[in-house]
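Student: Based on what follows, work out the 3D shape:
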Amino acid sequence: MNALLVDDDYFVVAALEKKMNWKALSIENVYTAYNVAQAQDILKQHPIQILICDIEMPQGSGLELLAWIRQEHYSVQAIFLTNYADFNYAQKAIVLQSFDYFLKPIEFDKLGLIIQKAVAKANEVQNNEKAIREGYFWEKNQNKLVEHFWRRVINCKTSLSNSSSISQSIAEQNLAYQMTDMFLPVLVNFFPYDESLAKKDKDLFDYALLNVLYESFQDPLYTIETILEYKDFNWIAVLKWNHAPDSRFVESICSSFIQKANQFLKCDACCNIAISSRLLDIHPVLRHLIQMNEEMIKCRNQIFFLESYRQNAAAYTPPNLAYLEELLNRCDPAAFLEETSRYLHGLVKSNKVNASALRLFRLDLVQLVYSFLKDMEIEAHKLYAGKTNDQLFMQSLNSIEDMEKYLRYLVNTATEHREFIEQPKSVVEEIKHRISTHYGDDLTRTSLAETVYLNPDYLARLFKKETGVPLGTYIIQARIRVAKQLLETTHLSVNTIARKVGYTNYSYFSKLFKQDIGCTPIEYRKNRQIAKPATSAGRDGAISGFS
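Tutor: Numbers count the residues shown, from 1 in each chain. Okay, the predicted model is just below:
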């Protein structure tokens, strides 16, 4: 397999040539060119399967080169590099059947995965061309039939749930299985919620994941029949054995795989190992394995065995909620989280935790924190509104570590905001700042209370206690101060000024102005406007002058 690098920037070509591990990518020869003409000469002289090419070049673009390649019917997988996320470029690249479109600066790890996929695609094209020439696709179709068979066994609750239906399906699809063949399914969970590639590019992550899975589970003692994703980030590998496998051997394979997942996929994982079974008994084994995966609360990077799992119907025993409440009231989140972690890991150790128990535990803790906030008139449903809370809440039942992460967010947010609220002067200053920067908005007790997540009535009482002025009166006074400054320093109409300070009804504005100042806005302007008018007819910038 050969690759061609094309870029008018010598340093980009040199960096690609030196920093990519071409041998590991199954690339035997790497050719370089610095313009379209040089690239065309190389393509005429050497078989090139992978093209990595800049789009913007002074002597002909990468898109023109690819158009020529397609015209000449060269079988090349093209990966474009560009500094610009231009839709027109991407659209033309798609029309010309480019393999991928990669923005500079170059991330070599990610580009390596893309090249690896391009190599796989080039091999597939070559194999398909060979198959067309030889007139068969048997091997490719057989792999698809095998995957389809196992997907039906895994997903279907009835259609392949007995030996006769399995036997019939084998015969119909001409699969080389016997009902006495021995299989061992392994269900793998991935936890890609932090900085893994899955968060940015799920397809690329899945491709890398399959490479790691197939590499980890290769062994002469068994064959990998299929590896498929039965729901997001939950994969099942079906292994076919000549004899019943040794559990310690399978455990060592899974342990090695978890280490590779941590290293190469940059995510945590755990493996659930089923019981080895003959094909005629495989359906209930798979159902029990999936049931265990749904019910059991996992610790990351651990291995679990179906044979040692027992469905736990024990009643939920809550933690010491009175003690946890005391720690909250002391504003000691570290001690609170240490106690909840001790409780959770104790449940895991005694095998007394399942999804139902963890859900009840979460409910108790959320109610405890919400009650703690309510004592200070903090509206928890607004404090925790947002994407971060929703995501952590949804993930909290996936593993003990996910629950601990959610609790850290829940408790730290609560204690930090309560400490802020317990300083009335800070709260009042925050509200004053909000009024001074948003005087033209629809300011109400409710809208202002939302900025500090407090009950509106409580905020109004707190504000008056600290300032001696009712909140509504302070808003009016703040707006009148801005209106006075605008009347003195600009030529804006009184109607425009009224709207700028939050009053759409001019008559109401004029009434409030006269009550506060003793004259109408027009009279005030006549009496106070500065001798030299502003050079700009409308100085609309931020207004200062708030005390």
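
Student: And the helices in the stretch 201-350 of the chain?
Tutor: For the stretch 201-350 of the chain, the helices defined by DSSP state H, counting those that start in this stretch occupy 202-216, 247-260, 282-295, 321-329, 333-349.

Student: hmm, which helix or strand of this structure has the shakiest average pLDDT?
Tutor: The helix or strand of the chain with the lowest confidence, counting by mean pLDDT, DSSP states H and E, is helix 87-95 at a mean of 61.

Student: Quick check: next helix or strand after that helix?
Tutor: Toward the C-terminal end, the helix or strand that comes next after helix 87-95 (DSSP states H and E) is strand 100-103.

Student: Determine the set of other helices and strands touching that next one.
Tutor: For strand 100-103, the contact count by 3 or more C-beta pairs under 8 Å, 6 or more residues apart in numbering; DSSP states H and E identifies strand 77-82, helix 87-95, helix 108-134 as packing neighbours. All C-beta atoms are positioned from the backbone trio N, CA, C, and that covers glycine.

Student: Show me which positions of that strand end up buried.
Tutor: Judged by neighbour count (16 or more other C-beta atoms under 10 Å), strand 100-103 contains these buried residues: 100-102.

Student: before we move on, the earlier item: mean pLDDT for the helices and strands packed on strand 100-103: which is lowest?
Tutor: Of all those, mean pLDDT reaches its minimum on helix 87-95 (a mean of 61).

Student: Nearest residue to I115 in space, ignoring adjacent ones along the chain?
Tutor: Spatial nearest neighbour of I115, chain neighbours left out: L25 (5.3 Å); criterion: C-beta to C-beta, 6 or more residues apart in numbering.

Student: and the one you found, how many residues sit next to it?
Tutor: 17 (other C-beta atoms under 10 Å).

Student: what helix or strand does the closest residue to Q477 other than its chain neighbours sit in?
Tutor: Nearest residue to Q477, sequence neighbours excluded (C-beta to C-beta, 6+ apart): D516, at 6.7 Å. Taking DSSP H and E as the definition, D516 sits inside helix 506-517.

Student: Output the contacting helices and strands for that helix.
Tutor: helix 471-489, helix 494-500, helix 521-528.

Student: Out of those, which is closest to N155?
Tutor: Among those, helix 471-489 comes nearest to N155, with 59.3 Å by C-beta to C-beta.

Student: about what we covered before: redo the helices and strands packed on helix 506-517 as a markdown table? Include mean neighbour count, mean pLDDT and distance to R151.
Tutor: Putting the helices and strands packed on helix 506-517 into a markdown table (neighbours: other C-beta atoms under 10 Å; pLDDT from 0 to 100; distance: least, C-beta to C-beta, whole Å) gives the following:
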| stretch | mean neighbour count | mean pLDDT | distance to R151 |
| --- | --- | --- | --- |
| helix 471-489 | 19 | 93 | 62 |
| helix 494-500 | 18 | 94 | 63 |
| helix 521-528 | 15 | 88 | 75 |
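
Student: Can you add distance to L66 and give these back as CSV?
Tutor: As requested, these are exported to CSV (distance: least, C-beta to C-beta, whole Å):
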stretch, distance to L66
helix 471-489, 60
helix 494-500, 56
helix 521-528, 68
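
Student: And those helices: which comes nearest R445?
Tutor: R445 lies closest to helix 471-489 among those, at 6.0 Å (C-beta to C-beta).

Student: Using CSV, write out every CA atom in the closest one.
Tutor: Extracted as CSV, the C-alpha positions of helix 471-489 are listed here (Å, rounded to 0.1, in the frame of the first residue of the first chain):
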residue,chain,number,x,y,z
LEU,A,471,-36.7,46.7,45.5
GLY,A,472,-39.3,48.2,43.2
THR,A,473,-38.5,51.8,44.4
TYR,A,474,-34.7,51.1,43.8
ILE,A,475,-35.4,50.0,40.2
ILE,A,476,-37.4,53.2,39.5
GLN,A,477,-34.7,55.4,41.1
ALA,A,478,-32.0,53.7,39.1
ARG,A,479,-33.9,54.2,35.8
ILE,A,480,-34.6,57.8,36.6
ARG,A,481,-30.9,58.4,37.3
VAL,A,482,-30.1,57.1,33.8
ALA,A,483,-32.9,59.1,32.2
LYS,A,484,-31.6,62.3,33.9
GLN,A,485,-28.1,61.7,32.4
LEU,A,486,-29.5,61.0,29.0
LEU,A,487,-31.7,64.1,29.1
GLU,A,488,-28.6,66.2,30.0
THR,A,489,-26.1,64.7,27.6
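
Student: Can you get me a residue count around L184?
Tutor: L184 is flanked by 21 other residues according to other C-beta under 10 Å.

Student: export the helix or strand hosting it as CSV, just CAs?
Tutor: Under the criterion of DSSP H and E, L184 resides in strand 182-191. Taking Å, rounded to 0.1, in the frame of the first residue of the first chain, the C-alpha atoms of strand 182-191 are listed here in CSV:
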residue,chain,number,x,y,z
MET,A,182,-19.7,-24.0,22.6
PHE,A,183,-20.0,-20.2,22.9
LEU,A,184,-19.0,-17.6,25.5
PRO,A,185,-20.5,-14.1,25.1
VAL,A,186,-18.7,-11.2,26.7
LEU,A,187,-20.6,-7.9,27.2
VAL,A,188,-18.4,-4.8,27.3
ASN,A,189,-19.5,-1.4,28.7
PHE,A,190,-17.7,1.8,27.8
PHE,A,191,-17.8,5.1,29.8
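
Student: What average pLDDT does it get?
Tutor: 94.
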